[in-house]
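Q: The amino acid sequence is not available; the structure is as follows:
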């Protein structure tokens, strides 16, 4: 409790400084709303546990990574084991995610970025390709299908004005990031075309990264009732993977890659890396059938060419996804009652071809395994929303989820096509919010989460198809309060929740360091999330134009329940990979003439590295600074110059630990103190 009260005091006391120009001031004065895929809803009245990361928050962070931006959200944890290697967790464990993202559904624009097999290549995106992010925490987003962690909605760059822009950023460890985009708006048609290139030598040995990226989106309002929208991107990403270190290796030389042992070569010798080429496209039609009815249909597809030379094998994977999302929206208002409902379905199929070879210094040699898998994930959903007297919001929703996969093997044993079909699962949700005053609201929710095993878990790196895995499921109980003064001068929010998870899917490693997954029991996850933003000075029209204070605090009391591995019982232990306390606070000064100064502090408590809680990563304090000047006018050119420092205190810490690693190779060292500077121009 002492830790909690200390963190709460820090949460309420830290100050921040900010600068805003006239245009941004107008934006800030508007009521904050969340899109929620269907319609705009005031954040104050939202029935969901949702956070909005808008353009004003994004631009204060370094533009080369999502890490600092995402980690400002209480309950969300993002890690990066090496440049480009993301892991993401919403109110839960990373036990299922040795790398990548699982158990969270991510949409970009109107299209699922998460494929039917459960994988999401968020690292394929350029950080500057997005406009805003909405984070829905917990399994209350049943309208987005099977997950227990939550849902993230990404809005890409828009084309709401005519503009040409470009940016260049350079920094420590060979960092270079360049983008260029053009936006054009005509009478009934608008488009955006953006390209990006990023490279880094990395902080550690064997951790270089390179990404080539191009994105486009188009919208055609073909009449006053309908519009057609196209979104597409191509990403060519490769990054080296240095591998985990033991504590002794980490303390002696955190920059080193995983060394060789008497029986296994090291990461450098095996040229361990990820090569990912992904193309993604979606087209959506939105048509207002009548005053009350609207129909939306979206088609989407992707193709991924994925290669992974690893210590013990060389994997080649080819994935093709095709899907459909459609729904009918009905809205009606009578006196003081507003009624809104959506009925729809989402269907997706992902075909995966996986080949594993022996790895000879980065080159594939003799074959180890060859399999084909196809995942089908479908769900129908119904959502009903009642708004009574603009005070009481009641939402009833549920989805009916279908999941199955087919598989066949060609090597080393031939297995004819077989099917595994999971039971149909219902994910109900009942939530409500009530506006006590114009500034204060309360909300509560009961919801069920469900998450079947992903293809990467069914067919893991041990090269066997595991048909014994069951789906995770559990109930979430939650309450919250929000307070917002006019003009968003002061915003406060608090959430408390308890999530009881059954049949938890967890990662294990065999003696050859190959991974496999099992259902090991359950967890009880109790949490508290707080956030605040405050403007003590705003639009003063003096040298100090504005000051903003932002803070967030997360308390996680996550424990194993009836959780066993073999004959070992881990009941009551802390959930592996989850810190108990995280506090993030920022200071944002906004001066006249476009000058700004931004500072952010992240405190993360110790993290259990194995299920037995016998090893912990130490707590750390991260301080980041950014300063610059916006709106430097050179004739028709609008120029910004900026510079920043990451890890100002030069902390030695691990970001993206290898959990339950063999021989204690838990640690992936994050960069020490590093610098960046850059400029952007707009025409």
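A: Cool, got the structure. No experiment lies behind these values; they were computed from the predicted model shown.

Q: what's the pLDDT at residue 11?
A: Listed pLDDT for residue 11 reads 36.

Q: same question but for residue 143, I mixed them up
A: For residue 143, the predicted pLDDT is 87.

Q: That one: neighbouring residues, count only.
A: Applying other C-beta atoms under 10 Å, we find 24 residues neighbouring residue 143. For glycine as for every other residue, the C-beta is placed from the backbone atoms N, C-alpha and C.

Q: does it count as helix, strand or coil?
A: helix (DSSP: H, G, I helix; E, B strand; the rest coil).

Q: Identify the residues contacting it.
A: The neighbours of residue 143, taking C-beta atoms under 8 Å, 6 or more residues apart in numbering as the test, are 37, 342, 381, 383, 397, 399.

Q: which SS class is residue 303?
A: Assignment for residue 303 (three-state DSSP): strand.

Q: biggest strand in this protein, by residue count?
A: When the chain is parsed with DSSP state E, its longest strand is strand 363-388.

Q: Walk me through which strands that one pairs with, and which way each runs.
A: Within its sheet, strand 363-388 is paired with strand 337-360 (antiparallel), strand 392-411 (antiparallel), according to DSSP bridges.

Q: Quick check, residue 242 in contact with residue 203.
A: No - Residue 242 is not in contact with residue 203 according to C-beta atoms under 8 Å; the separation is 9.1 Å.

Q: shared neighbours of these two, which are they?
A: residue 82.

Q: So for these two, which residue has more residues nearby?
A: residue 242 (26 against 19).

Q: roughly how far apart are the closest residue to the more buried one other than its chain neighbours and residue 240?
A: Closest residue in space to residue 242, ignoring its immediate chain neighbours: residue 257 at 3.9 Å, by C-beta to C-beta, 6 or more residues apart in numbering. Distance, residue 257 to residue 240, by C-beta to C-beta, to the nearest Å: 8 Å.

Q: Go ahead and flag the most central residue of the chain.
A: residue 88 (5.4 Å; C-alpha atoms, centre = their mean).

Q: so how many other residues sit close to residue 503?
A: When neighbours are counted by other C-beta under 10 Å, residue 503 comes out with 16.

Q: Hmm, residue 657 and residue 670 touching each other?
A: No - under the criterion of C-beta under 8 Å, residue 670 makes no contact with residue 657, lying 10.5 Å away.

Q: Could you tell me what pLDDT the model assigned to residue 636?
A: 85.

Q: looking at it, it is touching residue 683, isn't it?
A: Yes - judged on C-beta under 8 Å, residue 636 makes contact with residue 683 at a distance of 6.1 Å.

Q: ok, these two, which is more surrounded?
A: residue 683 (12 against 7).

Q: separation between the more buried one and residue 630?
A: Relative to residue 630, residue 683 is positioned 15 Å away (C-beta to C-beta).

Q: Could you do residue 43 as well?
A: Counting by C-beta to C-beta, the gap from residue 43 to residue 630 is 26 Å.

Q: for residue 101, same thing?
A: Counting by C-beta to C-beta - residue 101 and residue 630 are separated by 33 Å.

Q: what sits in contact with each of residue 257 and residue 240?
A: By C-beta under 8 Å, 6+ apart, the residues touching both residue 257 and residue 240 are 206-207, 267, 272.

Q: Switch the strands paired with strand 363-388 over to a markdown table; also include mean neighbour count, mean pLDDT and distance to residue 224.
A: Listed next are the strands paired with strand 363-388 as a markdown table, based on neighbours: other C-beta atoms under 10 Å; pLDDT from 0 to 100; distance: least, C-beta to C-beta, whole Å:
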| stretch | mean neighbour count | mean pLDDT | distance to residue 224 |
| --- | --- | --- | --- |
| strand 337-360 | 19 | 96 | 22 |
| strand 392-411 | 19 | 96 | 30 |
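
Q: Dump these to TSV, plus distance to residue 539.
A: Shown next, in TSV, are these (distance: least, C-beta to C-beta, whole Å):
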stretch	distance to residue 539
strand 337-360	34
strand 392-411	32
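
Q: of all those strands, which lies closest to residue 228?
A: Residue 228 sits nearest to strand 337-360 of all the strands paired with strand 363-388, at 18.5 Å, using C-beta to C-beta.

Q: chain center to the closest one: distance?
A: Distance of strand 337-360 from its chain centroid, counting by C-alpha atoms, centre = their mean, to the nearest Å, is 16 Å.

Q: try stretch 434-448
A: 25 Å.

Q: Please apply the same query to stretch 363-380.
A: 24 Å.

Q: hmm, back to that, now the residue nearest to the centre of the chain. Nearest residue, chain neighbours left out?
A: Residue 88's closest residue in space is residue 101 (C-beta to C-beta, 6+ apart), at 4.6 Å.

Q: Run through who's touching stretch 334-343.
A: Defining contact as C-beta under 8 Å, 6+ apart, one finds that stretch 334-343 is touched by 38-39, 143, 327-333, 381-390.

Q: pLDDT weak spots in the protein?
A: 1-30, 37-39, 141 (pLDDT under 70).

Q: rewinding a little: tell me which of the contacts of residue 143 is nearest to residue 484?
A: Using C-beta to C-beta, those come closest to residue 484 at residue 37, 22.6 Å.

Q: Can you give me the buried ones in stretch 357-375?
A: 357, 359, 364, 368-375 (16 or more other C-beta atoms under 10 Å).

Q: brain fart, stretch 532-544
A: 532-535, 538-539.

Q: Stretch 156-163 now?
A: So, applying 16+ other C-beta under 10 Å, buried residues of stretch 156-163: 156-157, 159, 163.

Q: Kindly report the same for stretch 595-614.
A: 595-605, 607-611.

Q: Tell me how many other residues crowd residue 384.
A: Neighbours around residue 384, by other C-beta under 10 Å: 15.

Q: One more: residue 559?
A: Neighbours of residue 559 (other C-beta under 10 Å): 18.

Q: likewise residue 58?
A: 18.

Q: That one and residue 620, how far apart?
A: On the measure of C-beta to C-beta, residue 58 and residue 620 end up 24 Å apart.

Q: And for residue 213?
A: The value you get for residue 213 to residue 620, if C-beta to C-beta is used, is 31 Å.

Q: Could you do residue 200 as well?
A: 21 Å.

Q: Those two: who's more crowded?
A: Ranked by neighbour count (other C-beta under 10 Å), residue 200 and residue 620 place residue 200 first, with 24 against 20.

Q: The more buried one and residue 175 touch, don't they?
A: Yes - using C-beta under 8 Å, residue 200 is in contact with residue 175, at 4.8 Å.

Q: Find residues that contact each of the two.
A: Joint contacts of residue 200 and residue 175 (C-beta under 8 Å, 6+ apart) are residue 64.

Q: Go ahead and report the secondary structure state at residue 97.
A: Strictly by three-state DSSP, residue 97 counts as coil.

Q: what bridges to the nearest residue to it once chain neighbours are set aside?
A: Nearest residue to residue 97 in three dimensions, chain neighbours excluded: residue 87, at 5.3 Å (C-beta to C-beta, 6+ apart). For residue 87, the beta-bridge partners under DSSP bridges are residue 79, residue 100.

Q: what's the answer for residue 622, then?
A: With DSSP bridges as the rule, residue 622 is bridged to residue 602.

Q: Distance of it relative to residue 252?
A: From residue 622 to residue 252 the distance is 23 Å (C-beta to C-beta).

Q: What separation do you get for residue 595 and residue 589?
A: Where residue 589 is concerned, residue 595 sits at a distance of 8 Å (C-beta to C-beta).

Q: ok, residue 446 - how many residues close by?
A: 14.

Q: Which residues are in contact with it?
A: Counting by C-beta under 8 Å, 6+ apart, residue 446 has contacts 429-431, 475-478.
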